[in-house]
Every structure is written in structure tokens, then in C-alpha cells.
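Visitor: A structural model of the following input is requested.
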Amino acid sequence: MSEQINSELKKLMDIAHDLELSVDLRSKAIEQIGKIGTHDALLALLDTAANEHSTIDERDLALKYAREIIKSSR
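Guide: Numbering: from 1, shown residues only. Got it, this is the predicted structure:
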């Protein structure tokens, strides 16, 4: 199961970082990464937030979902 989640996470990260795709599609990928909720998803979201090529809105969205993962792990 973990391999399936990591495979899905990799695909979503590829979508989130593909600047040739629409902002809407990339944002939906970020949301899906946030719903995975694992430590690896948290790292992926932080990586997206640090990506200077992403829009400010995408970076904020990634931070929002990263915060939710952190809060849920308390």
C-alpha cells in the first residue's frame, strides 16, 4: 500500500510542478497531496511552497495543506 501512495504522490508532484499545465490543474494536485496527509506528503507540500516558479497562490495553498497535516499529527 505504501508503494501505491508513494507512486500517486510522485505523479501528483509531477503535475504540481509542471508549469505547462494550467494553474487550476496544478492547484488541484496540491489539494490531493494535502489529502494524502502523510509525512512524505508534508515534505512534498513544503517543496512546492519553496518552488520559486510556482505562483504565490499555489505556494500559499501548499502551506495551507502543510499546516493541516502538521495540526492533524498532534
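Visitor: For the rest of this, base every contact and every neighbour count on C-alpha atoms.
Guide: Fine.
Visitor: Quick one, grab the pLDDT at residue 1.
Guide: The model reports residue 1 with a pLDDT of 54.
Visitor: And residue 32, by the same measure?
Guide: Per-residue confidence (pLDDT) for residue 32: 97.
Visitor: any idea whether it is helix, strand or coil?
Guide: Three-state call for residue 32 (DSSP: H, G, I helix; E, B strand; the rest coil): helix.
Visitor: Kindly report the same for residue 20.
Guide: coil.
Visitor: Tell me how many other residues crowd it.
Guide: 8 (other Cα atoms under 10 Å).
Visitor: need the helices for this structure, in chain order.
Guide: In the chain, the segments counted as helices under DSSP state H are 2-17, 23-36, 39-50, 56-72.
Visitor: can I get these in a markdown table with mean neighbour count?
Guide: Shown next, in a markdown table, are these (neighbours: other Cα atoms under 10 Å):
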| stretch | mean neighbour count |
| --- | --- |
| helix 2-17 | 16 |
| helix 23-36 | 19 |
| helix 39-50 | 19 |
| helix 56-72 | 17 |
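Visitor: Between the ones you listed, which has the poorest mean confidence score?
Guide: When the helices of the chain are ranked by mean pLDDT, helix 2-17 comes last with a mean of 92.
Visitor: Now do that one against helix 56-72, angle only.
Guide: 150 degrees (axes from the mean of the first three to the mean of the last three Cα atoms, to 10 degrees).
Visitor: and for helix 2-17, what are the contacting residues?
Guide: 21, 25-27, 29-30, 32-33, 36, 40-41, 44, 48, 54 (Cα atoms under 8 Å, 6 or more residues apart in numbering).
Visitor: and what of stretch 63-72?
Guide: Contact partners of stretch 63-72, identified using Cα under 8 Å, 6+ apart, comprise 31, 34, 37-38, 42, 45-46, 49.
Visitor: That one: how far from the chain's middle?
Guide: How far stretch 63-72 lies from its chain's middle: 11 Å, per Cα atoms, centre = their mean, to the nearest Å.
Visitor: Fine by me, thanks again.
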